[in-house]
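>>> From the sequence below, what's the structure:
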Amino acid sequence: MDVVILCGGKGTRLSEETSLRPKPMVEIGAKPILWHIMKYYSSFGFNRFILALGYKQDYIKEYFYNYKTTNTDFTLNLSPETPPIFHNSGNESNWEITFIDTGLETLKGGRIKRIEKYLKSNNFHLTYGDGVSNIDLEKLVKFHNEHGKLATVSAVRPPSRFGEMIIDNDDVKNFDEKSQMHTGYINGGFFVLNKKIMKYLTENENCDFEFGPLQEIVKNKQLKAYKHTGFWQCMDNVRERDFLDKLTKQGKAPWIIW
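Numbers count the residues shown, from 1 in each chain. Now for the predicted structure:
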């Protein structure tokens, strides 16, 4: 299954960091949070990534383009005809990463639609480039395959400053990012989607994902919720960055299972 990661936003609420680099490249434990997300998916055997890029995309491209030389030992012969000799390889050597410019101002729905032609699997993962969790991805995929709907969203219980989803018997009855909390479940990202979801999206840069398309999918009873009661944390501000960084450095990060 492909893993699509939304990496194009400007991350204005973390401007202390994102004035210099895109939000997914903000480091926790000396590695970008994007790397942590990819390592987590890879630990379940999902190694084909499509990155929907926008703001400061060159930073992400350069990091991974140079990843092999900066993370391995090698011998370099300065002759132009002789390629470098690499003496080892990291655990990421089986990653396949596709980097797609989806526009600077494009909203999430437009970004997803613009990567459609690069998808190789009928069902694919989708997540945001700023959140980590210890969600069981194998169970998430199994849940999605068993219910047969177009979309599965992970439902988590974080602080009440977020919006919420109303869920009845795993069916999403209401999807509202800005309402007051009732049941305490919110959109935690970590979606599994069928490619048929693309009919709800356009390449227009004003095409959102949560507002409009997902709400229409709910009306058509095609969105199911996978309830996750374990760890989940996004990184919207400096406090949350510091919290994740501390967990990583103390060896207490629940998502580090590799």
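>>> Would you state the helices of the stretch 1-150 of the chain in chain order?
15-18, 33-43, 57-65, 67-70, 108-114, 137-147 (DSSP state H, counting those that start in this stretch).
>>> same for the second one, what does it pack against?
Read it as helix 33-43. Judged by 3 or more C-beta pairs under 8 Å, 6 or more residues apart in numbering; DSSP states H and E, the packing partners of helix 33-43 are strand 2-7, strand 48-53, strand 131-133. C-betas here are computed from N, CA, C, even on glycine.
>>> and if we set it to 7 Å?
Applying 3 or more C-beta pairs under 7 Å, 6 or more residues apart in numbering; DSSP states H and E, we find helix 33-43 packed against strand 2-7, strand 131-133.
>>> quick one: average confidence on it?
Across helix 33-43, the average pLDDT comes to 98.
>>> What residues of it count as buried?
33-42 (16 or more other C-beta atoms under 10 Å).
>>> which other residues reach the helix or strand hosting residue 241?
Per DSSP states H and E: residue 241 is located in helix 238-249. Outside helix 238-249, the residues that touch it by C-beta atoms under 7 Å, 6 or more residues apart in numbering are 14, 16, 26, 28-29, 132, 233-235, 253, 256.
>>> run the last query once more with 6 Å
Contact with helix 238-249 is made by 16, 28-29, 235, 253, as judged by C-beta atoms under 6 Å, 6 or more residues apart in numbering.
>>> Show the low-confidence segments of this protein, by residue range.
By pLDDT under 70, the low-scoring segments of the chain are 159-164, 176-183.
>>> Return the residues in contact with the nearest residue in space to residue 156 that is not next to it in sequence.
Nearest non-adjacent residue to residue 156, counting by C-beta to C-beta, 6 or more residues apart in numbering: residue 188, 3.5 Å away. Listed by C-beta under 6 Å, 6+ apart, the contact partners of residue 188 are 154, 156, 232.
>>> Identify, from these, the entry nearest to residue 136.
Using C-beta to C-beta, residue 154 is the member of the contacts of residue 188 that lies nearest residue 136, at 10.2 Å.
>>> And for that closest one, the neighbour number?
24 (other C-beta atoms under 10 Å).
>>> The helix or strand that contains it to helix 137-147, inter-axis angle?
Residue 154 belongs to strand 151-156 when assigned by DSSP H and E. Here strand 151-156 runs at an angle of 130 degrees relative to helix 137-147 (axes from the mean of the first three to the mean of the last three C-alpha atoms, to 10 degrees).
>>> Quick check: next helix or strand after strand 151-156?
That would be, after strand 151-156 and using DSSP H and E, strand 164-168.
>>> okay, now residue 76: neighbour count?
Residue 76, neighbours per other C-beta under 10 Å, totals 10.
>>> Look up how far residue 90 lies from it.
Separation of residue 76 from residue 90 (C-beta to C-beta, to the nearest Å): 18 Å.
>>> quick one on the thing from earlier: ranking the helices of the stretch 1-150 of the chain by burial, who's on top?
helix 108-114 (a mean of 24; mean count of other C-beta atoms under 10 Å).
>>> Can you give the contact residues for it?
For helix 108-114, the surrounding residues in contact (C-beta under 6 Å, 6+ apart) are 6, 8, 52, 102, 201-205, 207-209, 213.
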